[in-house]
Structures are given as structure tokens and as C-alpha cells.
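Novice: Make a model of this:
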Amino acid sequence: MGTLHLSSIAAEATAPEREDFNHLQPTVHNQKEELDAGALFVLKSRGSWIHSGYHLTTSIVAPPLLSLPIAFASLGWAAGVISLVIGAAVTFYSYNLLSLVLEHHAQLGHRHLRFRDMANDILGPRWGRYYVGPIQFLVCYGAVVGSTLLGGQCLKAIYLLADPNGDMKLFEFVIIFGGLMLILAQMPSFHSLRHINLVSLVLCLAYSACATAGSIYIGNSSKGPKKDYSLDSNTETRVFGFFNSLAIIATTYGNGIIPEIQATLAPPVKGKMFKGLCVCYTVVTLTFFTVAISGYWAFGNHADGLVLSNFSDNGKALMPKWFILMTNIFTILQLSAVAVVYLQPTNEVLERTFADPKSSEFSVRNIVPRLISRSLSVVMATTVAAMLPFFGDINAVIGAFGFMPLDFVLPVVFFNLTFKPSKRSPIFWLNATIATVFGTLGVMAAVAAVRQIILDAKNYRLFANI
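Specialist: Numbering: from 1, shown residues only. This next block holds a predicted model:
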């Protein structure tokens, strides 16, 4: 039923159903489904488990992990490390549960290709249409906007290395990055990104190693700030900072597109996502912990929102410029892969709306609407990123309202409703506890994120050059 350790859980949970399982198991192979253009063209089911590993790694191990040191600044050493460990354990567990639920419904002849399809079937159509669907779209499109903004900031950092007194503005670099995205957005399907995402996996290892090495180098020199690991003395600031940092960590571990990634796997899908998640979380362990710990050790409470910003002080490089240049180039290239991965749910909706499934994928009838709609989607994301360079604050709200429920709460709820484990079983109470705790944390993190927006509102200005 499931994969490795979790398979026994699924087997126990579904024991009462096993007798009539053979009668209920018309497989997808024996049923020719009428797929809409979004599923047919964007979510092609041709991938292997290693391809899912590439997609998962790109969607989770992204440059926002470079903000983990500032999360530690509000948590301290003990709470910071514990939060990272819990985040890794709970998301790995939740994503496996989600995969098991998807496998179960596929064996019953109802393969879910989208997150909202799962919600429609398990929670009811209103949940899928009015909650899960919009939240997922907001999270994914928000990730595209955030990646575009971050790409522009990295381009600006490279520019200032070459010309510290240059007068080009941030929004100009955001537009340049958006131009790269215009090209990549035309990749026809999720499956066609597999080679790009393999390169992305290598790149995330590369810039994380550079960030770690740079932090250690500066931390061991006299160039860096004086190390201070004390927490804020103001109780209110400390409490809200604590929950805001949890939202940062949750967003960093967030995915939100597990069903869409599993949809790219060629049938049978059993066990493939577990292998892909093992690949992904090996990279997570190598990157998240090294960057967070080394960055906080080197810069303490002076860690910036992006640890790479600590590599220079008022325009003065604290380490060789070529090293900073190389690190930023690695980051920019991987950001483009992250953005194009999170464009896929948008692309799927656009394709379903404007394409004709009865015509060839590369016919003029389908190529022209695809080119226009995807280009407009990227232009809109680039415009928002250029106009709102303080998007990091907004992204914390999106993370609290979006990634918390999609990645921490809904997977365990879906599992309990699908397999109906006994209320006396440990698995039921573990899942119920996770849903309750992270649902509560999500609400608190949302309040903290909104408070931070209110505090920073005085600094907001359209097209600000920050």
C-alpha cells in the first residue's frame, strides 16, 4: 500500500477494507480517462523516482534557506536547532502520508493529479474550490514573485561588486531576471524540467557550501560583527519574533505541490515518492543545517534576511569578490529553476482554460495561447516583485496561511479521513496532535507576520531601491 516504514501503517489502517479491495480496484491502466489539457500537457506521467527527487529538491531546497540564520536570531541556539529538526521530521512524515493517500486513491481507480482534486474527493468540493485551490495558487504564485525579487537582489549585489557607486535601481534587475523567466516559462511540461532540476540540485549544494564556507571564513576573521547570541530583552518583541521565525522555517520546508509532483510519475507509482523524498531530504540535511548553524555562529543577531548580504559591509567586501560573485551566480541560476517549478500549477490552470486537448500539444492552436498566457503570467509576477520589494514580509503571511496548512496540517487530516485508523491507535493521535499543534502555530505565526508588516509599513514604498 505504501512505502517502507509507512507501508505497515497504511496496511494496519486499511485492514477492514482489504477483503473487498480486489472488487474495488479497477486500475488506471484499464480505464482510459478523459484528461483536460492541463493534466494532459503539463502534468505528463512519464517520470521515474529519481526525477521526482529532482523536482522535490528544487521545490524545497531553495535560496530562502539562506534566511535561516535570521530565524535563529529570534529563537536562539537550542530552539533554533530543535525547530529545524522538528520541521524536517514532520514534513518528511507528512509528505509520505500524502503520497500514501494518493497511492490509495490511484489503486481505487481515482488518481488525483492536483492538490485540489484530493481536497474535492476527501473534504468535499467546497473545500477544494474555495480553500485548498486558492491557498495553493497563492502560495505557488507567491513563491514565483519571491524568487523573482530575490533573483533581482542577487543581480544587484553582483552589479555593486563591480560598481559600488552604480545608480541602477533594484526594479531594473528584477526586470532583467523576469526576462530570463519569460524564456524558461515556455518549457511545455513539468516532466520537461527534470534535467533543469538536476542542475538545480547541484546548484543548491554549491551555493549552500559557499554560504557555509563564507560564514566560517568571516566568523574566524576580525572583519565580521561582534558575535552576540542574546535574545531581545523586550518580551513582546521576543514572543512575536519567535512565531515569525517559525513561519520562516515552515516556509523554508514548504512545498505545496506534492500531488502535482507525484502526478509526473509513470504508473505504477507505488514507492517512488518515498525514494524521491529520501534524495530530497539528504540534500535538506546537508544544506539547511550547515547554512543555519554556520550563519548564526558567524553573525549572531546581526544576521541579515539573506546571509549573503553579510558578506559585505556598507559596500566593502569582507571576503574575495570572486567568491561572492560565484555564490550569487549559483543562487540566481537555482532561483530561476525554483520559480519555473512553482509556475507549474499556474501553467496547468492556464493550459486547461485556453488549450484544446484534442489538438496536438505543439499545434499552432495550442502554442499561441500557451506563449501569450504564460508570458503574461511572468510579466505580472515580475511587476509585483519590482513594485513590492518588501515582499519578504508578505511572504511570511503567505507561509503562515499557506504552507502551514498545506504541508503540516492537511496531509495528516487526509490520512486519517482516508484510512480511518482506530482512535486507540498511536497513528491517529500522532496525526491529530500534529494537526492541532501546527494549526495553532500557523494562526500565531500569521498574527506575528501581520504585526511585522504593520511595524515595517512606514518603510514601504513602491519600486523602493532596497
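
Novice: What residues of stretch 370-387 count as buried?
Specialist: The neighbour-count check on stretch 370-387 (16 or more other CB atoms under 10 Å) flags 370, 373-374, 377-378, 381-387 as buried. Where you see a C-beta, it was placed from the backbone N, CA and C, and this is true even at glycine.

Novice: Does Phe240 touch Arg451 like I think?
Specialist: Yes. Phe240 is within contact range of Arg451, at 5.5 Å (criterion: CB atoms under 8 Å).

Novice: These two: which has the busier surroundings?
Specialist: Phe240 (21 against 16; other CB atoms under 10 Å).

Novice: if I look at that one, how far off is Ala449?
Specialist: Here the criterion is CB to CB, to the nearest Å. By it, Phe240 lies 9 Å from Ala449.

Novice: do the same with Leu246
Specialist: 10 Å.

Novice: quick one: secondary structure of the residue positioned nearest the centre of the chain?
Specialist: Centroid check for the chain by CA atoms, centre = their mean gives Asn255 as the closest residue, at 3.8 Å. Recorded secondary structure, Asn255: coil (DSSP: H, G, I helix; E, B strand; the rest coil).

Novice: For it, what are phi and psi?
Specialist: Main-chain torsions, Asn255, degrees, to the nearest 10: phi -130, psi -70.

Novice: Could you do Asp313 as well?
Specialist: Per-residue torsions, Asp313: phi -130, psi 110 (degrees, to the nearest 10).

Novice: Over to Asp228?
Specialist: Residue torsions, per degrees, to the nearest 10, at Asp228 are phi -140, psi 120.

Novice: Surely it touches Ala298?
Specialist: No. Look at Asp228 against Ala298 with CB under 8 Å: they stay out of range, at 11.8 Å.

Novice: neighbour-wise, which of the two wins?
Specialist: Ala298 (24 against 10).

Novice: Counting by contacts, list what the helix or strand hosting the more buried one packs against.
Specialist: Applying DSSP states H and E as the criterion places Ala298 in helix 272-299. Packing partners of helix 272-299 (3 or more CB pairs under 8 Å, 6 or more residues apart in numbering; DSSP states H and E): helix 49-60, helix 68-107, helix 194-219, helix 258-263.

Novice: Do me a favour and average the pLDDT over stretch 418-429.
Specialist: Averaging pLDDT along stretch 418-429 gives 92.

Novice: Return the set of buried residues in it.
Specialist: 418-419, 421, 427-428.

Novice: do the same with stretch 175-195
Specialist: Counting neighbours by 16+ other CB under 10 Å, the buried set in stretch 175-195 is 175-178, 180-181, 184-185, 187-191, 193-194.

Novice: do the same with stretch 57-77
Specialist: Quick answer for stretch 57-77 (16+ other CB under 10 Å): 57-76.

Novice: As PDB, could you dump the C-alpha coordinates of that stretch?
Specialist: Listed next in PDB are the C-alpha coordinates belonging to stretch 57-77 (Å, rounded to 0.1, in the frame of the first residue of the first chain):
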ATOM      1  CA  THR A  57      14.700  19.100  -4.100                       C
ATOM      2  CA  THR A  58      14.100  22.200  -6.300                       C
ATOM      3  CA  SER A  59      10.800  22.900  -4.700                       C
ATOM      4  CA  ILE A  60      12.100  22.600  -1.100                       C
ATOM      5  CA  VAL A  61      15.800  23.300  -1.100                       C
ATOM      6  CA  ALA A  62      15.600  26.800  -2.500                       C
ATOM      7  CA  PRO A  63      17.500  30.100  -1.700                       C
ATOM      8  CA  PRO A  64      15.000  31.100   1.100                       C
ATOM      9  CA  LEU A  65      17.100  28.600   3.200                       C
ATOM     10  CA  LEU A  66      19.700  31.400   3.200                       C
ATOM     11  CA  SER A  67      17.300  33.300   5.600                       C
ATOM     12  CA  LEU A  68      17.600  30.600   8.300                       C
ATOM     13  CA  PRO A  69      20.300  32.400  10.300                       C
ATOM     14  CA  ILE A  70      18.000  35.300  10.900                       C
ATOM     15  CA  ALA A  71      15.300  32.900  12.100                       C
ATOM     16  CA  PHE A  72      17.800  31.600  14.700                       C
ATOM     17  CA  ALA A  73      18.400  35.200  15.800                       C
ATOM     18  CA  SER A  74      14.900  35.200  17.300                       C
ATOM     19  CA  LEU A  75      15.000  31.600  18.500                       C
ATOM     20  CA  GLY A  76      18.400  31.200  20.000                       C
ATOM     21  CA  TRP A  77      20.600  28.100  19.600                       C
END
